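>>> Following is a predicted model, sequence given first.
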Amino acid sequence: MTLCYFFTLLLLTAPLLSANPSPSFTMSVISDIHLDFNYDPTVDSDSFCQTGGTRSSTIAPYDRHGCDTPYSLFKSTLEEMRVQNPSPDLIVVPGDMVTHMIPSLSSNFSVEKYMSLKEVIANVTEEIGLAFPKVPVIFTQGNDDYVVNYQVPNRTYKKDFYSFVYEKVIRSIEANRNPCKILVSL
């Protein structure tokens, strides 16, 4: 799978590389974001830092080992990326934007989880587009970017999901005037 992903990425970026013969091509990669809107900095990792879990003796506003990424860490990561390289030639987001707490390992589909998943994907794509408005972005979907882990949406939600992905990922990039309008679903 990794080799397939590598060749897909190479195939998609080759035109960008040849269009920019500059020897200093730069690319930023932000992987496995696992953004968690329910992260609670006062909750211990035995409850996965989820709101309503066991209280911790310390406050961890930017993350705690064993928990997914809080919004504060995601925003500070984008800010630091801008400091390190304010205008990369390409940004790659190789999936797993969504917290581990949304996808299910069973085949149970939940409309509530589906709506949460869409909210996270919309937020991640919007924040990256705002932070890097003129930079081409390649988004791929990871196993956690579906309601049921490793499974594409069921027949009822398939059209809605891919329409949503198109609108939030592709169209949001167009709205930010990014020259690259690519979504790869592996």
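Everything's here; your move.
>>> From the chain's centroid, how far away is the strand or helix carrying G129?
Using DSSP states H and E, G129 maps to helix 111-131. Distance of helix 111-131 from its chain centroid, counting by Cα atoms, centre = their mean, to the nearest Å, is 8 Å.
>>> how about that helix: buried residues?
Buried residues in helix 111-131, counted by 16 or more other Cβ atoms under 10 Å: 113-114, 116-118, 120-125, 127-129, 131. In short, each C-beta sits where N, CA and C put it, glycine included.
>>> Check which helix or strand K158 maps to.
Going by DSSP H and E, K158 is part of helix 155-165.
>>> Would you indicate which residues of that helix are buried?
Neighbour counts over helix 155-165 (16+ other Cβ under 10 Å) mark Y157, F161, F164, V165 as buried.
>>> Just give the nearest non-adjacent residue to the spatially most central residue of the chain, would you?
Central residue of the chain (Cα atoms, centre = their mean): M97, 2.8 Å from the mean position. Leaving aside its chain neighbours, M97 sits nearest to V124 (4.4 Å; criterion: Cβ to Cβ, 6 or more residues apart in numbering).
>>> Now do the helices in this structure.
Using DSSP state H, the helices found in the chain span residues 2-19, 71-84, 111-131, 155-165, 172-175.
>>> Skip the chain neighbours and tell me the closest residue to S87.
Leaving out its chain neighbours, the residue that sits closest to S87 by Cβ to Cβ, 6+ apart is V135, at 6.5 Å.
>>> With that, I have no additional questions.
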